[in-house]
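Peer 1: Give me the fold of what follows.
(3 chains)
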Amino acid sequence: MALTRPEFVPNPSPSREEMEALQREIADVATFEDDFDFDPATLTFDSPVDLGDDTQQRLTDDGPIVAGVDQAFLDDGDRALSAVVALQDGAIVDRASAVVDTEIPYIPGLLSFREGGAILTALSNLAVEPDLLVVDGSGQIHFREAGLATHIGVTIDVPAIGVAKNLLCGTPAEPIPDHMPEGERIAVEADETVETAEPGTVIGHAVQTRQYESGSTSINPLYVSPGHRLSPETTTDLVSQCAAGYKLPEPTRLADRAADQRKREGGEE
DNA sequence: GCGACAG
DNA sequence: ATCTTGTCGC
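Peer 2: Sure, this is the predicted structure:
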């Protein structure tokens, strides 16, 4: 993993104004258009192992390596734990984690300065080079279009996606229904709270990766946005492809599990 | 001053 | 994010 932009490595020391200024630089360098090497069609989560018929064998090269990233906190709340799980063709090919002391509190809009360090450290402990990062948090859906996924993606120049469970800012093109049908997506547009984009610009989507067919209970959509080197549309397509019957895309779900596990087994070390 | 606010 | 058991529903 190469620190393409070492000047962007999250540093909690500067003032709030300086952190926000850095985010504007990051957003300026970020690309919210498709610019990646792998073939989206090869991003699968089907078992590559098919018994019985030789013709079922893959005729193509191995698919892209996707790394899911998730954060957790140790009981004391003063240390952030980042867990990374790398997948290729649906199989886990590597994992890593890191525990870093928390320097600043959670401030909406400045999350990457609190957790970014742990994530970069965890990623540096990975033996493989991910082709795509799926980060828990926002990307372009951010006050300065520089959310956690954008900050990480730009710093190491790797295509990145932001997957959030709640909407940080922006406005859905149409009201989010109580029971959004599975597979549906609604654009999230920049509004006056997004200071770096023209109002109306599509900065992400509300995506329903899983939903009950009937009943009173309902699942809320995910808020997906590009982090780096991806358009909002492609970002949402890829997240949909990563969904394997659960609300969370597989890379995120597995990273979630890894974080919990690592946490219970003692976040120390 | 009031409201809103990823993890 | 985190504090937390059972419980209602598919």
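Peer 1: how near is the closest residue to residue A:133 other than its chain neighbours to residue A:123?
Peer 2: Take residue A:133 and drop its neighbours on the chain: the residue closest to it by C-beta to C-beta, 6 or more residues apart in numbering is residue A:160, 4.1 Å away. From N, CA and C alone the C-beta is placed, and that goes for glycine too. Look at residue A:160 and residue A:123: by C-beta to C-beta, to the nearest Å, they are 11 Å apart.
Peer 1: Now residue A:128. Its backbone dihedrals?
Peer 2: When read as degrees, to the nearest 10, the backbone of residue A:128 gives phi -100, psi 170.
Peer 1: Next: residue A:118.
Peer 2: Dihedral angles phi and psi of residue A:118 (degrees, to the nearest 10) take the values phi -60, psi -40.
Peer 1: and it, what does it touch?
Peer 2: The contact partners of residue A:118, taken as C-beta atoms under 8 Å, 6 or more residues apart in numbering, are A:71, A:80, A:81, A:82, A:98, A:99, A:100.
Peer 1: which of those tops the neighbour count?
Peer 2: The most neighbours of any of the contacts of residue A:118, using other C-beta atoms under 10 Å, belong to residue A:82, which has 28 neighbours.
Peer 1: secondary structure element for it?
Peer 2: strand A:79-88 (DSSP states H and E).
Peer 1: is it true that residue A:70 touches residue A:249?
Peer 2: No. At 11.3 Å, residue A:70 and residue A:249 do not qualify as touching, with contact defined as C-beta atoms under 8 Å.
Peer 1: quick one on the thing from earlier: mind listing the strands the strand holding residue A:82 pairs with, and their directions?
Peer 2: On the basis of DSSP bridges, the sheet neighbours of strand A:79-88 come out as strand A:65-73 (antiparallel), strand A:91-101 (antiparallel).
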